[in-house]
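> Sharing a model prediction with you, sequence too.
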Amino acid sequence: MNHLFLASTAFNIITASMVANNLPTSDKAILWLIDQPHETSNFINVVLLWKNSPFEEIRIVSHKAKTILAKKNRRKTLKLLVPQLDLVKPNHIYTGNDRRIEFQFLMHKTRHTRTIGHYIDDGTYSYIGKKSRWFGEPKINNILKKITYGNWWQEPETIGASKWIEYCHLAFPELAVEALKQKKNIALPKNLTDKSFVDLTLLLTDGDIEFNKIDRVAILPHSSVANDLITEAILLKAAEGSHPALKNHPRNLEIKHSANSLFKLDRSIPMEVYLTMLSSECLIIGDVSTALLTTKWLRPDLNVIAFYKTESKLLKLMKKVGIKTIKII
């Protein structure tokens, strides 16, 4: 069997690798990176050189289309994927978002060979849902996409719910939105600490971090949405550990003075990567965020604490998956 995985983010890459790692050894897995920035990040450069990955091949096949001209040229980019697709001959195609044009195009092109579509958990949308907001009306978006690309385009009720998808790989199948429960659900493998992921982390960190000693990690949100009281509570809780560390948001340039006693993890490296190496005894601390949810469904063995001020759908979901919550008054 040939398996083609499409991934656009670090989270997508990690979850795709978890599923690929669980395939029969006789099967062939290939990873295509889509919608990538034109300036390749260090993380992607290392992924492209990841020799012990579960994939036979990893390559970039499409870049972000931000300008009007780039969006117009997207149809040409899609056509360039056809000869590459003919070489792969996938029996299965996987995506973290079935609204990605690349995924729907490839499913359309392989429809006569009965290629099976898979959705791999992309986070909160699997459990809270995400309706289209383009022009505020899914029907309008659906019509415009069909005019632009073809009648094969589908506008799913929520991510993962399109007719292209037959299987959903979910961290918490029992908590999924109703539209995803109608699919064939498979639990996301619990294999993030396997050797192949360890090798990736060592490539990114040069093997300089003593992960086995880290007993607490504070995860800070972007400063634009951070609450000072919550941030201080996160840092104080982390500082109670013997060997605490800090994972700052990639776009935060400064940290509070109270964070100086914490070991600084490289903020440019995705938290998903660090999760491959942390001890099961490590405590993860943060606010109400997808970062903490990501931690819990990729490493359900870890204890996670979230500080909050107000109730929300996201908070309710965090409680359901076993994250301890503490209200700041």
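The structure has been received and is ready for your questions.
> Please identify the helix or strand for the closest residue to L317 other than its chain neighbours.
Among residues not flanking L317 along the chain, Y127 sits closest, at 5.3 Å (Cβ to Cβ, 6 or more residues apart in numbering). (Each C-beta comes from the backbone N, C-alpha and C, glycine too.) When elements are assigned from DSSP states H and E, Y127 belongs to helix 125-128.
> Give me the next element, helix or strand, following the helix or strand bottoming out on mean pLDDT in the chain.
Least confident helix or strand, the chain: helix 68-72 with a mean of 63, by mean pLDDT, DSSP states H and E. Remark: after helix 68-72, the chain's next helix or strand is helix 74-88, criterion DSSP H and E.
> hey, C-alpha coordinates of that following helix in PDB?
The C-alpha trace of helix 74-88 is given here as PDB (Å, rounded to 0.1, in the frame of the first residue of the first chain):
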ATOM      1  CA  ARG A  74      -2.400  28.300  -7.900                       C
ATOM      2  CA  ARG A  75      -4.200  26.300 -10.600                       C
ATOM      3  CA  LYS A  76      -0.900  26.000 -12.500                       C
ATOM      4  CA  THR A  77       0.800  24.800  -9.300                       C
ATOM      5  CA  LEU A  78      -1.900  22.100  -8.800                       C
ATOM      6  CA  LYS A  79      -1.400  20.800 -12.300                       C
ATOM      7  CA  LEU A  80       2.400  20.400 -11.600                       C
ATOM      8  CA  LEU A  81       1.400  17.900  -8.800                       C
ATOM      9  CA  VAL A  82      -0.200  15.500 -11.300                       C
ATOM     10  CA  PRO A  83       3.000  13.900 -12.700                       C
ATOM     11  CA  GLN A  84       4.300  13.600  -9.200                       C
ATOM     12  CA  LEU A  85       1.100  12.000  -8.100                       C
ATOM     13  CA  ASP A  86       1.300   9.500 -11.000                       C
ATOM     14  CA  LEU A  87       4.700   8.300  -9.600                       C
ATOM     15  CA  VAL A  88       3.400   7.900  -6.100                       C
END
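> Name the residues of it that are buried.
The neighbour-count check on helix 74-88 (16 or more other Cβ atoms under 10 Å) flags 74, 77-78, 81, 85, 88 as buried.
> again, but for stretch 152-159
Within stretch 152-159, the residues scored as buried using 16+ other Cβ under 10 Å are 153-159.
> of those residues, closest to L6?
Distance to L6, by Cβ to Cβ, is smallest for I159 among those, at 13.6 Å.
> So the closest one sits against Y127, correct?
No - I159 is beyond contact range of Y127, at 10.9 Å (criterion: Cβ atoms under 8 Å).
> Isn't the residue nearest to L317 up against P173?
No - shown here, Y127 and P173 do not form a contact pair, counting by Cβ under 8 Å, at 10.2 Å.
> Look at these two and report which has more neighbours.
Y127 (22 against 17; other Cβ atoms under 10 Å).
> quick one: that one from N212, how far?
From Y127 across to N212, the span is 32 Å (Cβ to Cβ, to the nearest Å).
> cool, Q84 as well?
Q84 is 42 Å from N212, where distance means Cβ to Cβ.
> Equivalent analysis for Q104, please.
Q104 sits 44 Å away from N212, going by Cβ to Cβ.
> the more surrounded of these two?
For the pair Q104 and N212, the greater number of neighbours falls to Q104 (24 against 12), based on other Cβ under 10 Å.
> Do a quick rundown of the helices in the stretch 101-250 of the chain.
101-109, 125-128, 138-149, 178-181, 195-205, 228-239 (DSSP state H, counting those that start in this stretch).
> Save these as CSV, and put in mean pLDDT and distance to F307 too.
CSV is the format used below for the helices of the stretch 101-250 of the chain (pLDDT from 0 to 100; distance: least, Cβ to Cβ, whole Å):
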stretch, mean pLDDT, distance to F307
helix 101-109, 95, 37
helix 125-128, 90, 20
helix 138-149, 68, 35
helix 178-181, 95, 29
helix 195-205, 91, 27
helix 228-239, 94, 5
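> Adding distance to E254, write the ones you listed out as a markdown table.
Putting the helices of the stretch 101-250 of the chain into a markdown table (distance: least, Cβ to Cβ, whole Å) gives the following:
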| stretch | distance to E254 |
| --- | --- |
| helix 101-109 | 37 |
| helix 125-128 | 31 |
| helix 138-149 | 39 |
| helix 178-181 | 40 |
| helix 195-205 | 23 |
| helix 228-239 | 12 |
